[in-house]
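> mind folding the following:
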Amino acid sequence: MRTILAFTLIIGFLLFGYILLGIFWIIDKFAPGSTDLCQLRIVQFILKGVGFLAGAKVTWIGEENVPKDEAVLYVANHRSMVDIVLTYTRCPGLTGFIAKDSIKKVPALRAWMKRLHCEFLNRDDLKQGMKVILSAIDKVKRGISIFIFPEGTRNRDKEDSTSILSFKDGSFKIAQKTGCKIIPVAITGTNHIFEDSFPWAKKGNVIIEYGNPVTFAELSPEDQKHVGLYFQNCIQQMLTNHTKLNK
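Residues are numbered from 1 along each chain as shown. Next up, the predicted model:
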């Protein structure tokens, strides 16, 4: 029943959302960008409902580390589709996710994500990938935060909650070129909510922790050279600490 209710809320919103999108489109014709924050809050409200219906009990740590008045680059480990649902509800300002381009096959979802400044990445097309990074750099310069999962795909390791796939360095150019702060985000337990019990949602405890913000320029030359590994290790340490909290 929990799964049915959560998906009913999502599908209902996406269908009804076409009307809202039309209204926002008309308003933006006269006042470009004026609906951005309203759209964000509406989607956050819906996603809070989805998380609640899915049974996610979240412990939030370190939210004070997230600046409220400037664009940042969030980098997180990736365990589940639920990662996006939960983390997006707490973004204080305009934020776009870099998502895989297969999501574009869902018209209503694609339309909302474009309105919310998301980017769609084809990881097999280097030229298209560079265009996405350049677009993300431009958005950060305009005050829009970007959220990335540098592993490039979901980690499906069910045995070790602290494991992380290798972080790819490319997306960190967003912070290098803009000077924005990088916020490491460690996520534990989201896979238990959905993926591990697919196709049904299951109640579970989730920990989401925001680490200390760091700029690319603050890193040592060696860490700049291996920036993906640096933040992979930061998040790895947070995930290890999460295992102590779960005992």
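
> in contact with N77, which residues?
Residues counted as contacts of N77 (C-beta atoms under 8 Å, 6 or more residues apart in numbering) are F149, E151, N155, I164, V185, A186, I187, I235, L239. Every residue, glycine included, has its C-beta placed from N, CA and C.

> doesn't A76 make contact with the third one?
Same thing as N155. No: between N155 and A76 there is no contact under C-beta atoms under 8 Å: 11.1 Å.

> count the neighbours of L109 for me.
Around L109 there are 16 other residues, counting by other C-beta atoms under 10 Å.

> point me to the residue sitting farthest from the middle of the chain.
Residue farthest from the centre of the chain, counting by C-alpha atoms, centre = their mean, is F30 at 30.2 Å.

> how much space separates that residue from M238?
Distance of F30 to M238, given as C-beta to C-beta, to the nearest Å: 45 Å.

> same thing with A99?
23 Å.

> more crowded one of the two?
Legend: neighbour count by other C-beta under 10 Å for A99 and M238, higher for M238 (23 against 19).

> which SS class is the more buried one?
Judged by DSSP: H, G, I helix; E, B strand; the rest coil, the three-state class of M238 is helix.

> what about the closest residue to it other than its chain neighbours, which SS state?
Among residues not flanking M238 along the chain, A186 sits closest, at 3.5 Å (C-beta to C-beta, 6 or more residues apart in numbering). At A186, secondary structure determined by three-state DSSP is strand.

> mind checking which of N155 and A76 has more residues around it?
More crowded of N155 and A76, by other C-beta under 10 Å: A76, with 23 against 17.

> bridge partners for that one, pull those for me.
Note on A76: beta-bridge partners by DSSP bridges are V185.

> contacting residues for it?
D83, T87, F147, I148, F149, P184, V185, A186, I187, I235 are the contacts of A76 under C-beta under 8 Å, 6+ apart.

> buried only: go through those for me.
With neighbours counted by 16 or more other C-beta atoms under 10 Å, the contacts of A76 contain buried members at D83, T87, F147, I148, F149, P184, V185, A186, I187, I235.

> so, low pLDDT: which residues of the chain?
In the predicted model of the chain, residues 2, 246-247 satisfy pLDDT under 70.

> what about 80?
For the chain, the stretches with pLDDT under 80 are 1-3, 123-125, 199, 244, 246-247.

> tell me where the longest helix sits in it.
Counting residues, the longest helix found in the chain (DSSP state H) is helix 2-30.

> give me the helices and strands touching that helix, please.
Using 3 or more C-beta pairs under 8 Å, 6 or more residues apart in numbering; DSSP states H and E, the elements in contact with helix 2-30 are helix 36-54, helix 107-115.

> so what secondary structure elements neighbour the first one?
Contact partners of helix 36-54 among helices and strands, from 3+ C-beta pairs under 8 Å, 6+ apart: helix 2-30, helix 82-88, helix 107-115.

> mind doing that once more with 10 Å?
Contacts defined by 3 or more C-beta pairs under 10 Å, 6 or more residues apart in numbering; DSSP states H and E place helix 36-54 against helix 2-30, strand 56-61, helix 82-88, helix 107-115, helix 190-193.

> repeat for the last one
Contact partners of helix 107-115 among helices and strands, from 3+ C-beta pairs under 10 Å, 6+ apart: helix 2-30, helix 36-54, strand 95-100, strand 119-121.

> hang on, Y230 packs against V214?
Yes: counting by C-beta atoms under 10 Å, Y230 does reach V214; the two are 8.6 Å apart.

> hey, what's in contact with both of the two?
I182, P184, D223 (C-beta atoms under 10 Å, 6 or more residues apart in numbering).
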